[in-house]
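3D model of this:
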Amino acid sequence: MTAIPVIDLDFTGQPPIPAAGVARANELMTSGRLFRYGEAGAEELDVARLEAAFAELVGARYCVAFNSCGASLAAALMAVGLEQGEPVLMNAFTLAPVPGAVAHAGGQPEFVGITPDYVIDLDDLAEAATRSGAKVLLLSHMRGHIVDMETLMGAATELGLTVVEDCAHTMGASWGAQPTGTFGAVGGFSTQTFKHVNSGEGGLLVTDDEDVAARAILLSGSYMLYAQHGTPPPTEVIERHRMTTPNLSMRMSALAAAVVAPQLELLEERASVWNDRYRRLAEHLDADPRIRLPKRPANEHFVASSIQFNIEGASESAMTEWVDRCAQHGVPIKWFGRPDPVGFTSRFDHWRYAESAALPSSSQVLAGLCDMRIPLAMTPADCNTIATIIRRTLDELVDAR
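Below is the predicted model:
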């Protein structure tokens, strides 16, 4: 048997910031004007321009820029009227900033089961909504997996749930012809490194509701400079909320906006590369009976900056050894079945501040769930090599068969 190959690829590597973003960032640093507002007038309009451009991109009336996606989700929950201690439903498959946003907003996370295809279980959603009395669903399109949004929104209407969409992994994605983030009352997007556009850190909130937009602007930390936003609601709407909405200082800086703005034009091109690499990897991995990939419906127009799959029937010790062997051959795999959180990877039963009911079916899915980044530098040949490493290292583990 030939030796298992080793790949030399930086899975965390990012493409350079476009020249226009670098040039504008340098101008801002030279001027020192990094704050999004101007006290004597709107000297720098970078954040406002980004808000207007992103609202147009997704077809929303309003966009408000934040210093992180987690901040945008917390503000979204507050802006839709979440009360202290109120339960908020969310997928059991999500990442730590999502329940963190609920805690930030004063709510109590209430986890909902997921299906083997990594999306929210609609039957369990109905049970959890009835059991908890929750009025809000914080729906994560986790790692870019999108549930049937027509069915989900119909269920939410029937259950009396306001939907806030966590779109950290679905910028540029849609269900059918409608962009994610525009189905619910609010959508929150990420501009953090490793997402679809990169400003290091940042978030964008979109909504069609003028009152939600007004509260979000004030919550972000506009002081009385709300007119300097790119998509402000009418002044009389702001007036309804400006004396009763706290300033939480969660604004995006001019520098972050300058860096990310020219990347919006690259979304379609990046999506094409990511999805091509995803399909190549998926084809190779799906041919192995030990590996299960999610079924992805035709209406799910995803942007696959990562790939997820399950290793079927492997013990914890086998998974631990297999993940280590993959890493030795240059393939870093994030495994959600580890007993303790590692790096960015944790799961619902790790978050002790958020009490959780047992979700045995979801826990079983997460026990074998693997997650791998797809850097834009990954080539078609790399896809072949990576799949070979994943499958051949599995061959070496007798108890993983």
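
going by C-alpha atoms from here, please, whenever you check contacts or count neighbours.
Will do.

got a list of what the one residue sitting closest to the centre of the chain touches?
Centroid-nearest residue in the chain: residue 168, 2.0 Å away (criterion: CA atoms, centre = their mean). Residue 168 is in contact with 69, 141-142, 188-190, 195, counting by CA atoms under 8 Å, 6 or more residues apart in numbering.

in a helix, it, correct?
No. Counting by DSSP: H, G, I helix; E, B strand; the rest coil, residue 168 is not found in a helix; it is coil.

where does it land on pLDDT?
Here the pLDDT value assigned to residue 168 is 98.

ok, the one 3 residues further on next?
At residue 171 the predicted local distance difference test score is 98.

also residue 54?
pLDDT for residue 54: 98.

count of neighbours near it?
When neighbours are defined as other CA atoms under 10 Å, residue 54 has 23 of them.

regarding residue 181, what is its secondary structure?
coil.

so residue 127 sits in a strand?
No. Applying three-state DSSP, one finds residue 127 to be helix, outside a strand.

count the neighbours of it for me.
Neighbour count of residue 127, defined by other CA under 10 Å: 13.

my read is that residue 147 contacts residue 116, right?
No. Between residue 147 and residue 116 no contact is recorded; they are 12.0 Å apart, counting by CA atoms under 8 Å.

so if I had to pick from the two, which one is more boxed in?
Taking neighbours as other CA under 10 Å, residue 147 and residue 116 compare with residue 147 leading, 24 against 19.

the more buried one - nearest residue in space that isn't next to it in sequence?
The shortest distance from residue 147 to any non-neighbouring residue, by CA to CA, 6 or more residues apart in numbering, is to residue 119 (5.5 Å).

look up how far residue 260 lies from that neighbour.
Here residue 119 is placed at a distance of 29 Å from residue 260 (CA to CA, to the nearest Å).

could you do residue 247 as well?
Residue 247 is 25 Å from residue 260, by CA to CA.

more neighbours: those two, which one.
residue 260 (26 against 17).

next structured bit after the helix or strand that residue 205 is a member of?
Residue 205 is part of strand 203-207, with elements assigned from DSSP states H and E. Counting by DSSP H and E, the next helix or strand C-terminal to strand 203-207 is helix 210-220.

what is the end-to-end distance of stretch 175-190?
End to end - CA to CA - stretch 175-190 spans 18 Å.

please identify the buried residues of that stretch?
175, 179-190 (16 or more other CA atoms under 10 Å).

for stretch 189-207, same thing?
Neighbour-count burial for stretch 189-207 flags 189-192, 194-207 (criterion: 16+ other CA under 10 Å).

quick one: residue 48 is in a strand?
No. Per three-state DSSP, residue 48 lies outside any strand segment and is helix.

who's in contact with it?
Each residue near residue 48 by CA under 8 Å, 6+ apart is listed here: 228-231.

swap in 6 Å and give it another go.
Shown in contact with residue 48 (CA atoms under 6 Å, 6 or more residues apart in numbering): 229-230.

do you know the pLDDT at it?
pLDDT, residue 48: 97.

next: residue 1.
At residue 1, pLDDT is 65.

do the same with the one 5 residues further on
Per-residue confidence (pLDDT) for residue 6: 97.

SS state for it?
Using three-state DSSP as the criterion, the local structure at residue 6 reads coil.

ramachandran coordinates for it?
phi -120, psi 130 (degrees, to the nearest 10).

next one: it relative to residue 192, how far apart?
From residue 6 across to residue 192, the span is 29 Å (CA to CA).

what's the burial count for the closest residue in space to residue 125 that isn't next to it in sequence?
Residue nearest to residue 125 in three dimensions, not counting chain neighbours: residue 112, with 5.9 Å by CA to CA, 6+ apart. Neighbouring residues of residue 112 were enumerated by other CA under 10 Å; the total is 28.

same check, this time on residue 331
24.

got it, and residue 323?
19.

contacting residues around it?
Residue 323 neighbours (CA under 6 Å, 6+ apart): none.

let me know the pLDDT of the residue nearest to residue 125.
97.

shift numbering so it begins at 231
Right, with 231 as the first residue, what we last looked at is residue 342.

which residues make contact with the helix or strand hosting residue 253 from outside it?
Taking DSSP H and E as the definition, one finds residue 253 inside helix 249-261. If you take CA under 6 Å, 6+ apart as the criterion, helix 249-261 is touched by 485, 488-489.

looking at these, which are in strands?
Using DSSP state E, no member of those falls in strands.

tell me the contacts of the residue nearest to residue 355?
Taking CA under 6 Å, 6+ apart, one finds 320-322, 355 in contact with residue 342.
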